Structure formats: structure tokens, C-alpha cells
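In: Structure for the following, please:
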Amino acid sequence: MDTTVLVVGGGATGVGVARDLAMRGVDVTLVERGGLGSGTSGRSHGLLHSGARYAEADPQGARECIAENRIIRDIAPACVRDSGGLFVSLESDDPAYYEAKRDACREHDIPVEELSPEAARERVPDLADDAERVFEVPDGVVYPSRLVAATGADAREHGARIATGSPLLDFEVEGGRVVAAEVGGELDARIEPEYVVNAAGAWAGECAALAGLDVEMRPTQGVMVGVDYPRLGPVLNRCRDPDDGDIVIPHDDRVVLGTTSVAIDDPDEMVEDPDEVERTIRECAAMLPSVADVERLDTYWGVRPLYAPDEDSRGGERGISRGFFLLDGSDGGAKGGSDAGNGGGPGTDDGVENFLSVVGGKLTTHRLMAEAATDRVCAALGVDAKCRTAEEPLVAGNEADAVDRLVAEFDAQGPADADVVGPADD
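Out: Residues are numbered from 1 along each chain as shown. All right, here's what the predicted structure looks like:
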């Protein structure tokens, strides 16, 4: 089968690229080995970032987050809980860090309201006794299963083909171009694309290697722990340098405690370490002590799709930035030799000119990542059409029951929001 653009990966960024391309009139096929969102997207903690987490260290990332936060609320209200968020500084935390973050939020137009400890405890009665400084920002909760399914459905509504259960097996490269892709599973087809977008997230390195390219990923795993706690209103963030157990995400009848950051070699081989669980609970309980004693409902691990050169440039510091990167297959910095993985046929010494990898980023900024990637693809294809994904609502994006039916159709249910998202009553 022929397609103008083949998108590999059905997480938030992949379906975002498929939607944007389809809305610009480009023929697009997306393939995903599992259900939509079955990789990183569906196993996140579900924070809709306000940008405050990055404000003092990554101004660009902070501005991107607050802008995309507002867009997602507008185009997909059924996929979001408007919880608000508190940044909480305990007695042992550095007040200078609190002040720097607060001031940076204001500088980057992230709304901030300082609360007295007494006012904060009116919002969160179980807040730690030693919470000394608190400010509020427009964090929220995003339900990734709904967001990914609604975005995929919108892409399909505009003409995209969405193939789940269809793993990429190999690329055929000739003359410095991908001329074909072998896809197995339900689709089971040889696809001949004009252009390929690698949106495989933590698996982007494996995908690129099939085209003879070297995309260096450095995945890290993190644990999320769901506990029985129905009373929390806002997101809670520990106001300190990013560390284990510094975020509490409210759902309907539980909260999700997160998270850790442990380097792994293979995103398919996460190690479920009970010490990570205990550390996460212990650290989150410093902000909200009662979560240490309530029933544990579920535990799951997710993997971050980190780009290795970016991590190296920051000296391994955690959480300072989660920017995204577009890696052109024709660029020597993103290519490997002809022996770099299976599928490295003739021409890979000079790169692969019709191949783009989009890596890094955050769930909150997936639409922006998709826009940037789609701009690059359209420029290569000579397509003169503007992005409209920030203005046009997602299909069924304001109807929870309708979106939940799409979640079931696309096998998009992940653990991050399994307690909220469910089959609609017929």
C-alpha cells in the first residue's frame, strides 16, 4: 500500500502528528504495535503541567507548558480535570528555591497566588504541619487514555489511517531514502511512504536503527503508586529540586504518587523494584502524611523517552528540562553507518533524507511537538498549509462517554487513568 507519510508510534505525539498532517490534507498512515497510548503516554502520572515545574530552570519549556495547558483545556475538556496545583515548601526545604520558582512563574506569565499555610490547609486539610510556604498555579490532571483516543479519532475523522496492533518490522532503504516499510500484525502490509515520522518515544532508537540511523535515547523508568484517598482537590508538588516522590496527583477516589527516575537499558525491560515504591510513598507522605497509611490500590511503572545528548549536556541533573528535538535523518548528527541496525541498506552513510525523528518532550506539549514535526514534513513535501490543531476541538473531546467508547475501540486504556476512564453505559 502507498501513503504519503508513515507515522510510527501511537502515543500522544504520534497521534498528534497524524492529526495535524491529516488536517493539512496530507495522506497519512499511523502504525502502533499495541493499542494507542500503550507505551509512555498511558503510563504517565497524568499531570497537565502549568510550566511551574520548569519555570526557574527552563523558561522556554515553562512558556510552552502554560500555552499548551490552555490549548488542551480548550480542545479536549473531557480529557482534563481542572484541579489546580499547589507548590509546597516544607520547613526543611530551601526558601530561596521557593522564591526563585515563584518569581520565575510570574516572569513567564504563569498565574501564581501565594497562600498562607492556614489557607492551604483549608484546601488540603491533611497537608503536612511543617508546610511553611505555598503558592497555587494552574496545574491540572490530564487523562491520557482519553486524550490519545480522542486525538486518534480526530486524525481518522480527517482521513488518517490508524492501525493498532501493527508493529513495524523493518525498513527498506535505497538511495538514501526509505522506500518501504514492512508492518506485521493486524495490518500485515508492505507500505511505500514518501516520508517517515519516527514518533516511537522511548523506542525511537530501535525504530531509527531499522533505517540505519543512530538516535541515542536514554530511557529512565519511574514508578506511580495509586492509593485510596478520595479527598484531595489540587495537585501537590514539593517545592524543591526535582527528586523522588515529589508529586501527588488527584483522581476521583484515589491519588497517584510519583515518581522515581532510574536509568534502564531497554524500555521493554523495566525492573519493578519495591524500594522505588516505598521511597515514593515515604517522600510523598512528607507533604501529605495520611497517604502513608491508606490502602495501596495499584502500582505501575512508566518510561521517559529522554534524548541522550540532552541528558549529557545537563550533567545528568534530573528534571531540569524536558524539551523536545527534531532529528532529520539526512543530518549527520542523527545518522549512523550502514551497519547501524537492521535495514541499513545502501545510502545510509549519507543519511536518510525522508526520515524525521521527534524525541523527548512531555505529554502536556505533545500537540506542540506534533506541530513542529508536521511543519518540517510539510516543508519537505512542498505542502503549503497552516496548523489548525490549537483552534479546532477534538472530535468528541467534550463528551466523556463518547471518548471512553473511543478508548475501548483503540485499545487505549492505560493504568494512569483506569479508575476514571471506563466503558460508557449503552
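In: In what element of secondary structure is the nearest residue to Leu356 once chain neighbours are set aside found?
Out: Distance criterion C-beta to C-beta, 6 or more residues apart in numbering; nearest residue to Leu356, sequence neighbours excluded, is Val197 at 5.3 Å. Using the backbone N, CA and C atoms, a C-beta is placed for each residue, glycine as well. Secondary-structure assignment from DSSP states H and E places Val197 in strand 189-198.
In: strand partners of that strand, parallel vs antiparallel please.
Out: Using DSSP bridges, the neighbouring strands of strand 189-198 in the sheet come out as strand 2-8 (parallel), strand 177-183 (antiparallel), strand 355-360 (parallel).
In: So the residue nearest to Arg81 when sequence neighbours are not counted versus Ser89, what's the distance?
Out: Closest residue in space to Arg81, ignoring its immediate chain neighbours: Val141 at 4.0 Å, by C-beta to C-beta, 6+ apart. For Val141, the distance to Ser89 under the criterion C-beta to C-beta, to the nearest Å works out to 22 Å.
In: And for Leu306?
Out: Taken as C-beta to C-beta, the span from Leu306 to Ser89 is 27 Å.
In: Show me which of those two is the more surrounded one.
Out: More crowded of Leu306 and Ser89, by other C-beta atoms under 10 Å: Ser89, with 23 against 19.
In: sorry, back to before: could you point out which element follows the helix or strand hosting the residue nearest to Arg81?
Out: If you go by DSSP H and E, Val141 is part of strand 140-142. Toward the C-terminus, strand 140-142 is succeeded by helix 144-157 as the next helix or strand (DSSP H and E).
In: List the buried residues in that following helix.
Out: Neighbour counts using 16 or more other C-beta atoms under 10 Å place 144-156 of helix 144-157 among the buried residues.
In: out of the strands paired with strand 189-198, nearest to Arg238?
Out: Among these, the nearest to Arg238 by C-beta to C-beta is strand 355-360 (23.6 Å).
In: now that closest one: how far from the chain's centre is it?
Out: A distance of 14 Å separates the centroid of the chain from that of strand 355-360, by C-alpha atoms, centre = their mean, to the nearest Å.
In: Name the helix or strand of this structure that has the lowest mean pLDDT.
Out: Of all regular secondary-structure elements in the chain, judged by mean pLDDT, DSSP states H and E, the least confident is helix 308-313 with a mean of 84.
In: What lies in contact with that one?
Out: Helix 308-313 has contacts (C-beta atoms under 8 Å, 6 or more residues apart in numbering) with 216-218, 321, 323, 325, 360.
In: Number of residues surrounding the residue nearest to Arg81?
Out: By other C-beta under 10 Å, the burial measure for Val141, its neighbour count, is 24.
In: Now for it: which residues touch it?
Out: With contact taken as C-beta under 8 Å, 6+ apart, Val141 is in contact with 46-48, 80-81, 83, 235, 249-251.
In: Give me the distance between it and Leu21.
Out: Separation of Val141 from Leu21 (C-beta to C-beta) stands at 29 Å.
In: same deal with Ala418?
Out: Plainly put, Ala418 is 30 Å away from Leu21 if you go by C-beta to C-beta.
In: Among these two, which residue is more densely surrounded?
Out: In this comparison of Ala418 against Leu21, neighbours counted by other C-beta under 10 Å, the higher total goes to Leu21 at 30 against 17.
In: export the helix or strand containing the more buried one as CSV, just CAs?
Out: Assessed by DSSP H and E, Leu21 sits inside helix 12-23. Taking C-alpha atoms only, helix 12-23 is exported to CSV below (Å, rounded to 0.1, in the frame of the first residue of the first chain):
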residue,chain,number,x,y,z
ALA,A,12,0.3,11.2,22.2
THR,A,13,2.9,12.7,19.9
GLY,A,14,2.3,10.2,17.1
VAL,A,15,-1.4,10.6,17.0
GLY,A,16,-0.8,14.4,17.2
VAL,A,17,1.3,14.2,14.1
ALA,A,18,-1.2,12.1,12.3
ARG,A,19,-4.0,14.6,13.2
ASP,A,20,-2.0,17.6,12.1
LEU,A,21,-0.9,16.1,8.8
ALA,A,22,-4.5,14.9,8.0
MET,A,23,-5.9,18.3,8.8
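In: Against which helices or strands is it packed?
Out: Counting contacts by 3 or more C-beta pairs under 8 Å, 6 or more residues apart in numbering; DSSP states H and E, helix 12-23 is packed against strand 2-8, strand 28-31, helix 144-157, helix 366-381.
In: hmm, who's touching the last one?
Out: Identification of contacts with helix 366-381 by C-beta under 8 Å, 6+ apart yields 4-5, 11-13, 16-17, 19-21, 24, 26, 41, 64, 67-68, 71-72, 194-195, 197, 199, 324, 326, 328, 354, 356, 358, 361, 383-385, 387, 389-390.
In: what's near enough to touch the closest residue to Ala119 other than its chain neighbours?
Out: In space, Ala119 comes closest to Val134 once its chain neighbours are excluded; the distance is 7.8 Å by C-beta to C-beta, 6+ apart. Contacts for Val134 (C-beta under 8 Å, 6+ apart) come out as 86-89, 114-117, 119-120.
In: Let's see if you can find the most crowded of those residues.
Out: Neighbours here are counted as other C-beta under 10 Å. On that basis the top member of the contacts of Val134 is Val88, with 30 neighbours.
In: partners of that residue in the sheet?
Out: Applying DSSP bridges to Val88 yields these beta-bridge partners: Val134, Arg238.
In: per-residue pLDDT, it?
Out: Here the pLDDT value assigned to Val88 is 98.
In: Ala62 - nearest residue in space that isn't next to it in sequence?
Out: In space, Ala62 comes closest to Gly51 once its chain neighbours are excluded; the distance is 3.6 Å by C-beta to C-beta, 6+ apart.
In: Need phi/psi at the one you found.
Out: The main-chain torsion angles of Gly51 are listed as degrees, to the nearest 10 and equal phi 100, psi -10.
In: Much appreciated, bye for now.
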